[in-house]
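[1] Just a sequence and a predicted model for now, questions to come.
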Amino acid sequence: MTTTAPRRAAPRPAAVAPFGRTAAVLAATALLATSQLYGAIPLLGAAADDWGTRPGPLTWLVTAFGLGYAAGFLLFGPLSDRLGRRRVMVAGVAATAVTTALVALAPGLAAALVLRVLQGVTIGAFPPVAMAYVGERVAPHRRLLTVTAMTTGFLSSAVVGQLTAQGMLALLGWRSFFGLGAVLFAVAALALRALLLPDVPRPGVSPAAAYRAMPRLLAAPGLRTLYLAVPVVLGSFVAIYTGLQLTGTDGLLGLRASALPVILAIPFATPRLARLDPVARTAAALVLAAAGTALIGLLAPGTTLLALLLMAVTAGIGVTAPGMIDLIGSRAGAHRAPAISLFTALMFVGASAGPQLAAALAGRGLTLIAFALAALLAVAAGLVRAARRGLNGA
């Protein structure tokens, strides 16, 4: 009598996620997540008055969140390889409902800084894991548009977050912005649980492998040059808006709102932009942002012209971010998840540094801030162009 070992069933291929609902829930959560970074900017003065200090030191509330956010990317991106993309996103967003409520109750600056770091860490479970989910579960021809929709959500938060915070400040005080955020994060966690596909079992996957891959990705030809440019992208964007706040620029409500039409138009331009060489497209977008910030410094414009120049800066940053995701993710091979985790972490390291740069230069006016940012953006454009040789050889 002979026996045969039972055959293991072949793993089922992962189902393809429906485009519409996936893009919508991920973009909305991206908007909510990063609104917590930008929304703190209009609240600096009111929180300073509440705690009896100057607005300048409160820029650390923005920096603390950004540093926690970046740490969360590095922690949860690789962990999601083992635990599952949806599970990590839902747990992180649900935890952020709690940490955001705690920020609303902070009794002073020291406690608020600790809680902002913790808030950043918990919501850091969302962006890199969502990017990896898109790369695995969205149909290839829909991926760039889905990533662009998410990027639009992240960038829209620069406008929506600040406008919401300004409105909540006027109605109910600065703490109400975080109270509202806590409720919305709870709703977002339920929506992600309901609308994203269940996780596919990934036996034998070790997060340690992703952590080990990160130093190699940072040192890879072409990629290392791109990674050097990444912090400038969001850092310059946060810095210019922080500079507007700290230098007492007139018409802030209109200036914040002026960027929104550009941000919303970017997904519609994406199919045409995708036909262009990705290195040339990304470098040109950085040059556009550099030119816009340089003209802000050179012309010291009034409100209308300043709004137009901020639109140009926003367009440049809005095209740069998905372009860099495309360049980095497409060349990371099997290490796409840690590569995107590094990208998003470095983006928000830059976002954390941006307010400190603006605060350091604010005493000399918006002109110096703008010139400094223009120089950094021009260097970033050069780094992207220089990356072509390494990328072609990869």
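    Nice, I can see it.
[2] secondary structure element for the spatially most central residue of the chain?
    Centroid-nearest residue in the chain: residue 154, 5.3 Å away (criterion: C-alpha atoms, centre = their mean). Assigned by DSSP states H and E, residue 154 belongs to helix 140-172.
[3] before we move on, the earlier item: pretty sure the residue nearest to the centre of the chain contacts residue 127?
    Yes - here residue 154 reaches residue 127: they are 7.5 Å apart, a contact under C-beta atoms under 8 Å. No exception for glycine: its C-beta is placed from N, CA and C like everyone else's.
[4] Mind listing the shared neighbours of those two?
    The contact sets of residue 154 and residue 127 overlap at 30, 33 (C-beta atoms under 8 Å, 6 or more residues apart in numbering).
[5] ok, then the element right after the helix holding residue 154?
    Reading on from helix 140-172 to the C-terminus, the next helix or strand found by DSSP H and E is helix 175-195.
[6] any idea how far that next one is from the chain center?
    18 Å (C-alpha atoms, centre = their mean, to the nearest Å).
[7] What helices and strands are in contact with it?
    Here helix 175-195 touches helix 19-38, helix 85-104, helix 140-172, going by 3 or more C-beta pairs under 8 Å, 6 or more residues apart in numbering; DSSP states H and E.
[8] For the longest one, name the packing helices and strands.
    This means helix 140-172. Right, helix 140-172 is packed against helix 19-38, helix 127-137, helix 175-195, helix 223-246, helix 252-258, helix 260-273, helix 303-330 by 3+ C-beta pairs under 8 Å, 6+ apart.
[9] Format the ones you listed as a markdown table; extra columns: mean pLDDT and distance to residue 59.
    Below are the helices and strands packed on helix 140-172 laid out as a markdown table (pLDDT from 0 to 100; distance: least, C-beta to C-beta, whole Å):
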| stretch | mean pLDDT | distance to residue 59 |
| --- | --- | --- |
| helix 19-38 | 92 | 12 |
| helix 127-137 | 86 | 22 |
| helix 175-195 | 97 | 17 |
| helix 223-246 | 91 | 6 |
| helix 252-258 | 84 | 16 |
| helix 260-273 | 83 | 24 |
| helix 303-330 | 89 | 20 |
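[10] right, and those - which one's nearest residue 60?
    Closest approach to residue 60 among these (C-beta to C-beta): helix 223-246, 11.7 Å.
[11] Check the gap between the residue nearest to residue 282 when sequence neighbours are not counted and residue 15 for me.
    Spatially, and ignoring its direct neighbours in sequence, residue 282 is nearest to residue 323 (3.5 Å; C-beta to C-beta, 6 or more residues apart in numbering). For residue 323, the distance to residue 15 (C-beta to C-beta, to the nearest Å) stands at 29 Å.
[12] now do residue 34
    Taking C-beta to C-beta, one finds residue 34 at 29 Å from residue 15.
[13] Looking at the two, which has the bigger crowd around it?
    A side-by-side neighbour count of residue 34 and residue 15, using other C-beta atoms under 10 Å, places residue 34 first with 28 against 10.
[14] ok, now how distant is the more buried one from residue 324?
    Applying C-beta to C-beta to residue 34 and residue 324 gives a distance of 16 Å.
[15] number of nearby residues for residue 248?
    9.
[16] Got the phi and psi for it?
    phi 70, psi 30 (degrees, to the nearest 10).
[17] how close does it get to residue 55?
    In terms of C-beta to C-beta, residue 248 sits 10 Å off from residue 55.
[18] Over to residue 336?
    41 Å.
[19] What is the neighbour count of residue 180?
    18.
[20] I'd like to know how far the nearest residue in space to it that is not next to it in sequence sits from residue 217.
    The spatial neighbour of residue 180 that comes closest, neighbours along the chain excluded (C-beta to C-beta, 6+ apart), is residue 168 at 6.3 Å. Relative to residue 217, residue 168 is positioned 40 Å away (C-beta to C-beta).
[21] thinking residue 226 is in contact with residue 324, fair?
    Yes - here residue 226 lies in contact with residue 324, judged by C-beta under 8 Å, at a distance of 6.3 Å.
[22] tell me which element residue 369 is part of?
    helix 366-393.
[23] Please point out which parts of that helix sit buried.
    For helix 366-393, the neighbour count (16 or more other C-beta atoms under 10 Å) marks 366-378, 380-381, 383-388, 390-391 as buried.
[24] Residue 263 reaches residue 316, doesn't it?
    No - with contact defined as C-beta under 8 Å, residue 263 does not reach residue 316; the gap is 11.8 Å.
[25] who's more crowded, the two?
    Neighbours were counted for residue 263 and for residue 316 using other C-beta under 10 Å; residue 316 has more, 27 against 23.
[26] so what's the more buried one up against?
    285-290, 292, 377.
[27] In this structure the residue nearest to residue 180 contacts residue 184, no?
    No - contact between residue 168 and residue 184 fails when scored by C-beta under 8 Å: they sit 12.0 Å apart.
[28] Okay, residue 45 and residue 310: tell me how far apart.
    Separation of residue 45 from residue 310 (C-beta to C-beta) stands at 21 Å.
[29] who's more crowded, the two?
    The neighbour comparison of residue 45 against residue 310 (other C-beta under 10 Å) goes to residue 310, with 23 against 16.
[30] what's near enough to touch residue 17?
    133, 137-138, 196-197.
[31] Swap in 7 Å and give it another go.
    By C-beta atoms under 7 Å, 6 or more residues apart in numbering, residue 17 lies in contact with 137-138, 197.
[32] Got phi/psi on it?
    According to degrees, to the nearest 10, residue 17 has phi -70, psi 140.
[33] What sits closest to it if chain neighbours are left out?
    residue 137 (4.2 Å).
[34] measure stretch 170-178 end to end?
    The first and final residues of stretch 170-178 sit 14 Å from each other (C-alpha to C-alpha, to the nearest Å).
[35] just how off-centre is it within its chain?
    Per C-alpha atoms, centre = their mean, the centroid offset for stretch 170-178 relative to its chain is 24 Å.
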